[in-house]
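Asker: Structure for the following, please:
(chains A and B)
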Amino acid sequence: MSNVFLSNQSTVDAHTISTLHQLYTQESKCRLDEEQFITLLTFYPAMLVVAADGEIDSEEIIYVKHIAKFMANSYGESQSPEIRLLENEFYTGLTFLYEQQDQWKMPFLQVLYDYLKKIPLLKENIAEVMLMFADSSERVSEHESQVIREVADILAIDISLFDLD
Amino acid sequence: MEKKITKDTVVNTAQKVKKERRNKVVLEKLTSIALKMREIRRKATQPKSAELN
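Answerer: Predicted structure coming up:
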């Protein structure tokens, strides 16, 4: 069973959204402004669920593309070239985060935890999206269930109302 | 050469269509959640004076 949250091998030292955004932009070469970066931050838990078994296979890559697509679609007309470019940026950003998970996972979750203390209303949506991605592969696997519980624990999200068993 | 349509082909195609339809519904729902979340964020960061106006 994978337990990706027990160790923190990160050397990324960022404690606010602005510093994390700055560092992330430098490293990933991703061109997201700070507002778009917050969107990426709030949907990062969904990517952790997709990659719950430790790798992203060809089917799961479609889910990563889905995350990038709906994040971009929330910024405007889905067929416009600007939104398609934004979708590519989100996709690049998510792929980078997956490949560099050891470095970025805990800083992302820590900054997201702080952000959710300011806007707790978002917690329910974050839990809902994680569950939707886990559920999209017919049933919630043990790995997915474990990741959801661990992320919820780190972010102080109450998932007791969701049926994970 | 004409391709023979078997029961498996029909089942596979039906599953593919079902999956694509499901993906589309999920995508629409997720986009609406993303919009809702942006709205919550926007309201939360709005200055109090703007809210009163």
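Asker: which parts of chain B sit against chain A?
Answerer: B:22-23, B:26-27, B:29-31, B:33-38, B:40-41, B:44 (Cβ under 8 Å from any Cβ of the partner chain). Every residue, glycine included, has its C-beta placed from N, CA and C.
Asker: Repeat the analysis, applying 7 Å as the threshold.
Answerer: B:26-27, B:30-31, B:33-38, B:40-41, B:44 (Cβ under 7 Å from any Cβ of the partner chain).
Asker: Pick out whichever of the residues you listed sits closest to residue A:145.
Answerer: residue B:26 (19.0 Å; Cβ to Cβ).
Asker: What residues of the helix or strand bottoming out on mean pLDDT in chain A count as buried?
Answerer: In chain A, no helix or strand scores lower on mean pLDDT, DSSP states H and E than helix A:58-73, which sits at a mean of 88. Buried residues in helix A:58-73, counted by 16 or more other Cβ atoms under 10 Å in any protein chain shown: A:60, A:63, A:64, A:66, A:67, A:68, A:69, A:70, A:71, A:72, A:73.
Asker: wait, the fifth one sits on residue A:91?
Answerer: No - Residue A:67 sits out of contact with residue A:91 when judged by Cβ atoms under 7 Å, with a separation of 8.3 Å.
Asker: Spatially central, which residue of chain B would that be?
Answerer: residue B:27 (1.0 Å; Cα atoms, centre = their mean).
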